[in-house]
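[1] build me a structure from this.
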Amino acid sequence: MTIPFLMGMCTKCKQAIPDGEVLNPVASKYPACNKCWAEWKEYQVMVMNEMRLDMSMPDHRKLLKKHEKIFVGVLSADGEVIDYSNEDNRKPDEPAPGA
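    Got it, this is the predicted structure:
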């Protein structure tokens with residue numbers, strides 16, 4: 001199932017997501033544009049292989065989810081949730097804190 005998205009900004013690339021663009025249901029939670037989400041899908045395979053994650057194990061799935069959130073920019077590498085409602089954290093020309 002795909003969900004049409006109403007105008008917003010991608011948390012990864014900080015570009016506007018056009019009205020009506022159909023996003024992956026998981027990507028729409030962040031939101032992440034289709035291009036960035038495709039990059040994550042490739043990158044997640046590398047994370048699983050490099051860390052030898054077993055997706056049948058809950059702890060491994062949780063770790064992969066943490067890397068997903070770090071990748072899309074809603075979680076810092078230190079594990080702190082980034083508050084984008086604070087304008088000081090919304091600087092697309094500067095790297096995210098902890099990145």
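[2] what sits against the residue nearest the centre of the chain?
    Note on the chain: the residue nearest the mean C-alpha position is Val72, at 2.3 Å, using C-alpha atoms, centre = their mean. Contact analysis of Val72 by C-beta atoms under 8 Å, 6 or more residues apart in numbering lists 11-12, 27, 30, 32, 36, 40. (Each C-beta comes from the backbone N, C-alpha and C, glycine too.)
[3] just the residues you listed: which are in helices?
    Judged by DSSP state H, the subset of the contacts of Val72 located in helices is 36, 40.
[4] and the closest residue to Leu64 other than its chain neighbours, how far from Asp59?
    Leaving aside its chain neighbours, Leu64 sits nearest to Leu53 (5.8 Å; criterion: C-beta to C-beta, 6 or more residues apart in numbering). Using C-beta to C-beta, to the nearest Å, Leu53 is found at 9 Å from Asp59.
[5] more neighbours: which of the two?
    For Leu53 versus Asp59, neighbours defined as other C-beta atoms under 10 Å are more numerous around Leu53 (17 against 9).
[6] got the buried residues for stretch 24-41?
    Neighbour-count burial for stretch 24-41 flags 24, 27-28, 30-33, 36-37, 39-40 (criterion: 16 or more other C-beta atoms under 10 Å).
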